[in-house]
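Undergrad: Sequence plus the predicted model coming up.
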Amino acid sequence: MRRLFLCACMLFILSACGSTATLETTDDFSESMGITDFSGRTLHFEEPPERIAALGNGELDLIYALGGEAVGRPSSDNIPVEKAEGLEPVGTTHELDLERLTLAAPDLVIGNSPMNEKDIATVEGIGAEMLLTSANAVEEIQEQITLLGQVLNAEAEAESLQQEIETTVTQLGDNPLASPPRVLLVYGAPGSVMVALPNSLAGDILELSGGENIAADFEQLDAFPQYATLHPERIIQAEPDLILFMGHGHAEAAKDSFLLEMEHHSTWASLEAVQQERFEVLPEDLFGTNPGSRITEALQHMRDELEAVKS
C-alpha cells in the first residue's frame, strides 16, 4: 500500500504494489517542499522545477498533460507529444546519454525505480535532481499523476486526470464480461520474447478490462519480475482464447521474432486461438510502454479486444 500525504492535512491512499511515495508540502512554494519518490528518497524543492527531462514516454506525456513542458525527452521512437519531438534526446531508462543530458541542463530528471537508481549520482553530478517513479499498474500511473501534479503545482489538472481514470475503471467494473476470455500476453523486443504476468502494467490492464491472464501461476523472471519465460508447452496446456502481442522499441522485429518462435514449435498450431487467427498486435504507444495520460485509451482498447473474442 502506498501513501501520499498532501498539504499536511490530506491523505490519499492508492493500493499499488511497490515502494512508498510521500509528498509533504507547504501552502505554496515560498518554503521548501519535500517529496519522497517511489524509491524512498526525499527531494526538496524551493519552487516548481522549470527544466525537466524525462527518460520514459509515459512520464513525458504526463508532464505535458499536466500543463508543463520539458527540456529533454527519451531517446526513443514514437514520442507521445508532438511539440516534444524537437527536444534534446537524453537517453532512456535503460541508458542515459550523459552528454545530451548535460546539454539539456535540466533541474529535474524523471527516471524509473529501480532501473535508474544507479544513475542518481551521475545526474546529481550535473547539478540536477532525479525523481524515480514506476508504472507497473494503473494505480501506479495514478500515483505518478498525483506526484507530478504536486511537483508542477498543477493539482487541479492532476485531479481531472484522476477522475477520468476512475470513471473508466468504474465503468469497466460495473459492466463485466459474461465469460472472461483467457489471454496470453506476449511482450517482445528484438531477440527477446517473454510472457507478461498479472503484476505487469499490461497484466493489470487486462484484469481491469475483464480478461483472465493464463500466466497467473507462471514463475517470474529474477531480472524482470513482471514477466515469465515463454514455455510453449505450458501455454498449449493453458489453451488461451486470445493471444495479444506487445512490442517495444522495434515492434515489427519483435513480432517477427515471436512468429519465428511459433514456427519452430509446430504444437502452436494445435491452439484454437491460432487456428481461428485470434492473434492481435497491440498498439505500441499504448502497450509497449507506459501510456501516461492515455491509460484510459489502453483500458478501452483492451476491452474492445476481449469483446471481439466471443463476437
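TA: The structure has been received and is ready for your questions.
Undergrad: Where does the closest residue to Arg294 other than its chain neighbours fall, secondary structure wise?
TA: When the adjacent residues along the chain are set aside, Arg294 lies closest to Leu286, with 6.3 Å between them (Cβ to Cβ, 6 or more residues apart in numbering). Using the backbone N, CA and C atoms, a C-beta is placed for each residue, glycine as well. Element membership for Leu286 (DSSP states H and E) is helix 284-287.
Undergrad: That helix - what's its average pLDDT?
TA: In this model, helix 284-287 carries a mean pLDDT of 92.
Undergrad: what's the lengthiest helix in the chain in contact with?
TA: In the chain, ranked by residue count with DSSP state H as the criterion, the top helix is helix 155-174. Contact partners of helix 155-174, identified using Cβ atoms under 8 Å, 6 or more residues apart in numbering, comprise 6, 65-67, 138, 141-142, 145-146, 148-150, 208-210, 293, 295-296, 299-300, 303.
Undergrad: Give me the buried subset of these.
TA: With burial judged by 16 or more other Cβ atoms under 10 Å, the buried subset of the contacts of helix 155-174 is 6, 65-66, 138, 141-142, 145-146, 148-150, 208-210, 293, 295-296, 299, 303.
Undergrad: neighbours of the closest residue to Ala196 other than its chain neighbours, just the number please.
TA: With sequence-adjacent residues excluded and distances taken as Cβ to Cβ, 6+ apart, Ala196 is closest to Leu185, at 3.8 Å. Counted by other Cβ atoms under 10 Å, the residues lying close to Leu185 total 28.
Undergrad: Equivalent analysis for Asp222, please.
TA: Other residues near Asp222 number 6, with proximity taken as other Cβ under 10 Å.
Undergrad: what about it, is that helix, strand or coil?
TA: coil (DSSP: H, G, I helix; E, B strand; the rest coil).
Undergrad: repeat for Gly210
TA: In the three-state summary, Gly210 is assigned as coil, counting by three-state DSSP.
Undergrad: State whether it and Leu177 are indeed in contact, as I suppose.
TA: Yes. Contact between Gly210 and Leu177 holds when scored by Cβ atoms under 8 Å: they sit 4.2 Å apart.
Undergrad: Overlap in contacts, those two.
TA: Common neighbours of Gly210 and Leu177, using Cβ under 8 Å, 6+ apart, are Leu306.
Undergrad: for Glu69, what are its contacts?
TA: By Cβ under 8 Å, 6+ apart, the residues touching Glu69 are 52, 63, 83.
Undergrad: related to what we said a few turns ago, next, the buried residues of the longest helix of the chain.
TA: Within helix 155-174, the residues scored as buried using 16+ other Cβ under 10 Å are 157-158, 161-162, 165, 168-169, 172.
Undergrad: okay, these in TSV with pLDDT and distance to His264 next?
TA: Below are those laid out as TSV (pLDDT from 0 to 100; distance: Cβ to Cβ, whole Å):
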residue	pLDDT	distance to His264
Glu157	97	49
Ala158	97	47
Leu161	98	44
Gln162	97	45
Ile165	98	40
Thr168	98	39
Val169	98	39
Leu172	98	37
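Undergrad: got JSON lines for those residues, with distance to Leu43 too?
TA: Formatted as JSON lines, the entries for the buried residues of helix 155-174 read as follows, by distance: Cβ to Cβ, whole Å:
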{"residue": "Glu157", "distance to Leu43": "21"}
{"residue": "Ala158", "distance to Leu43": "18"}
{"residue": "Leu161", "distance to Leu43": "22"}
{"residue": "Gln162", "distance to Leu43": "22"}
{"residue": "Ile165", "distance to Leu43": "25"}
{"residue": "Thr168", "distance to Leu43": "31"}
{"residue": "Val169", "distance to Leu43": "30"}
{"residue": "Leu172", "distance to Leu43": "35"}
